[in-house]
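**Q** here is a sequence together with a model predicted from it:
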Amino acid sequence: MMKTIDFRSDTITKPTDEMREAMYKAEVGDDVYGEDPTINRLEELAAEKVGKEAALFVPTGTMGNQLALLSHTTRGQEVILGDWSHIFRFEVGGLAFLSGLQARTIKEYNGAMDVNDVRQAIVKDDNIHHPQTGLICMENTHNMAGGVVVPVEKMKAIYDLAKENELPVHLDGARVFNAALALEKDVKEITQYTDSVMFCLSKGLSAPVGSILAGDRDFINKARRFRKMLGGGMRQAGVIAAAGIIALEKMTDRLYEDHENIIKLANGLEKIEGISIDRDTIHTNILMINIKDTGFISEELVEKMNEKGILASSITNEIIRFVTHRHINESDINESINRIKNIFNL
Ligand code: TLP
């Protein structure tokens, strides 16, 4: 039988055997009373990894980001964020619905906002008509820019600007460990330029469920209340936090395999006439290919690939996204390139 090779997302990764064993054996308690030792250990470990005072275990990255918006801002304020950011495009309008915020979107260049554009967008004045800026958000790695790493200098410039204006900064760092690995830096060198950070345990790090929100203690206390309000007080969730501990302790270094595989995939697909790839965007485990000149629209090509057991995501009419992860090895990459070439009779 033909093996299905699933490039839709690194979110599809299943827990390792070691995770399953740790989940089975996890010591648990009621986390709403603060009594789950495994969650407490994960939260301490996570805070320490990203250099923040405290952390909160949340079921999803989306909830982590939304709790950050709720905790940093008040209704009627503006949040400054990238026009292709996950928080703006893929979180169901939660920023308006849950936090009562207005989005002030900024154009991104290879995943990064320009500090001068952010400066122009900040509103801090006495004019009674103006919505005031409440928060600036960044994303690293940037998903829709193709998993690109936003350079720390660019983050620093925006963080410094925020501090001059007494504004908080939140980082959507769903894949911040991919960014750290690509930069060959400790993750703290990235997270030093944000007040709060969300990162996912459930993507390339392979935990079945869970993300972390980290920041200073007051912020996390506030976020913990909002998590309860949204129904995210999870009781004996040490069973899933146990996998998260292994994700953090043992799975960050393996991400380089995903980064190497995406380059191999790009090298192969680039040879197909009509497919173009912007090499400047290949930093981590995501690849966006432009198929404009193939004669297909992306949904058609995705459908053809599906028939050949290759799963990927159509992003726009012209763009298809591939994501590498633990369940895709080098021979799967070669096999995928061959099957896709086959669609083009190559
Ligand atoms: N991204 C998913 C989809 O939602 C698009 C994916 O397959 O890449 N921030 C960023 C940058 C993300 O990429 C994601 C998930 C999230 C937040 C949300 O995480 P979850 O899915 O745990 O809510």
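**A** Alright, I've got the coordinates.

**Q** wait, what's in contact with Ile240?
**A** Ile240 makes contact with 23, 207-210, according to CB atoms under 8 Å, 6 or more residues apart in numbering. Just so you know, the C-beta spots here come from the backbone N, C-alpha and C atoms, and that holds for glycine as well.

**Q** which among those gets closest to Thr252?
**A** Of all the contacts of Ile240, Thr252 sits closest to Ala207, with 11.8 Å by CB to CB.

**Q** helix, strand, or coil at the closest one?
**A** Counting by DSSP: H, G, I helix; E, B strand; the rest coil, the backbone at Ala207 sits in coil.

**Q** buried sites along the strand or helix carrying Gln120?
**A** Here Gln120, judged by DSSP states H and E, is contained in helix 115-121. By neighbour count on 16 or more other CB atoms under 10 Å, the buried set for helix 115-121 is 115, 118, 121.

**Q** repeat that for stretch 126-140.
**A** Buried-residue list, stretch 126-140, by 16+ other CB under 10 Å: 132-140.

**Q** can you tell me which of the residues you listed are in strands?
**A** Judged by DSSP state E, the subset of these located in strands is 133-139.

**Q** out of the buried residues of stretch 126-140, who's near the ligand?
**A** By CB under 6 Å from any ligand atom, the members of the buried residues of stretch 126-140 lying near the ligand are Glu139.

**Q** now the buried residues of stretch 126-140 as JSON lines including pLDDT?
**A** Converted to JSON lines, the buried residues of stretch 126-140 look like this (pLDDT from 0 to 100):
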{"residue": "Gln132", "pLDDT": "98"}
{"residue": "Thr133", "pLDDT": "98"}
{"residue": "Gly134", "pLDDT": "98"}
{"residue": "Leu135", "pLDDT": "98"}
{"residue": "Ile136", "pLDDT": "99"}
{"residue": "Cys137", "pLDDT": "99"}
{"residue": "Met138", "pLDDT": "98"}
{"residue": "Glu139", "pLDDT": "98"}
{"residue": "Asn140", "pLDDT": "98"}
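
**Q** what's the closest of the buried residues of stretch 126-140 to the ligand?
**A** Distance to the ligand across the buried residues of stretch 126-140 (CB to the nearest ligand atom) is lowest for Glu139, with 5.4 Å.
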